[in-house]
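**Student:** Build me a model:
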Amino acid sequence: MENKNLQILWEDNHLIVCEKPAGVLSQADGKDLPDMLTLLKAYVKDRYHKPGNVFIGLIHRLDLNVGGLMVFAKTSKAASRLSESIRGGEFAKRYYAVINGILPVGEQKRWNDRLEKDEETKTAFVAEKGRGKEASLSYTVLETISVEGTILSLVEIELHTGRFHQIRVQFSSRGFPLYGDQKYGKKLPKGQDHLGLYAYRLDFQHPVTKDPLSFTLMPKAGIFRQFPRFREEKK
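**Tutor:** Take a look at the predicted model:
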């Protein structure tokens, strides 16, 4: 992936809001894969002919195999204020997830768990009472379809906390692993490695102007194409 292929929804002197495609890292971690920080630094350097190093602040992350919207800071002040808003619960993130199994269309629930992370296996799990960190999300079931004999449900999720692999663990622990989740569910056929999770909406306050900002981007790839609402959106 090259920086010229970035899909940028918003940019000013303080922020860049753009899509991170599935298969691209949020930041470099030693793997021989493209990452958003490097791509955005190259984009800013090329577009504005900036000499020397370019500052891009990482505010939050998406897993390698998760696509969706991310916001990056172009100044240290913006980075600090955005990070503070996330800690204060003033930064709203919504996702679409495709899960294996049937949930009643229209169902709305909130799940509260406590999660622990296994550093050795890089996985998370629901902790015993009194242990782990609070993990909370709300969801609404939007559609259920059958794909090659497999029943899949589309859910809209609002995160209330931001724990490691939180969505994946909270659904899989209840018997509804995300489509394509090879860590917490079942493996996909060879050649299919996308995960049914997409960060489609961000709502937050501009760190400098204090204006409310809201950004939405629908998924256009992977298993999401099987759902009528996304095929219609693509047209």
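
**Student:** gap between Leu62 and Ala199?
**Tutor:** 6 Å (C-beta to C-beta, to the nearest Å). For glycine as for every other residue, the C-beta is placed from the backbone atoms N, C-alpha and C.

**Student:** quick one: common contacting residues for these two?
**Tutor:** Gly68, Met70 (C-beta atoms under 8 Å, 6 or more residues apart in numbering).

**Student:** Tell me who's in contact with Pro61.
**Tutor:** That one is not Pro; residue 61 is Arg. Here Arg61 is in contact with Ser26, Gln27, Met70 (C-beta under 8 Å, 6+ apart).

**Student:** go with 10 Å
**Tutor:** Residues in contact with Arg61 (C-beta atoms under 10 Å, 6 or more residues apart in numbering) are Lys20, Leu25, Ser26, Gln27, Met36, Met70, Gly162, Phe164.

**Student:** Select from the residues you listed every entry located in helices.
**Tutor:** Among those, the ones falling in helices (DSSP state H) are Met36.

**Student:** Dump the contacts of Arg61 into JSON lines; add neighbour count and pLDDT as well.
**Tutor:** Below are these laid out as JSON lines (neighbours: other C-beta atoms under 10 Å; pLDDT from 0 to 100):
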{"residue": "Lys20", "neighbour count": "24", "pLDDT": "97"}
{"residue": "Leu25", "neighbour count": "20", "pLDDT": "95"}
{"residue": "Ser26", "neighbour count": "19", "pLDDT": "96"}
{"residue": "Gln27", "neighbour count": "11", "pLDDT": "95"}
{"residue": "Met36", "neighbour count": "26", "pLDDT": "97"}
{"residue": "Met70", "neighbour count": "22", "pLDDT": "98"}
{"residue": "Gly162", "neighbour count": "15", "pLDDT": "89"}
{"residue": "Phe164", "neighbour count": "18", "pLDDT": "93"}
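
**Student:** Please identify which of the contacts of Arg61 is nearest to Ile145.
**Tutor:** Checking the contacts of Arg61 against Ile145 by C-beta to C-beta gives Lys20 as the nearest, at 26.0 Å.
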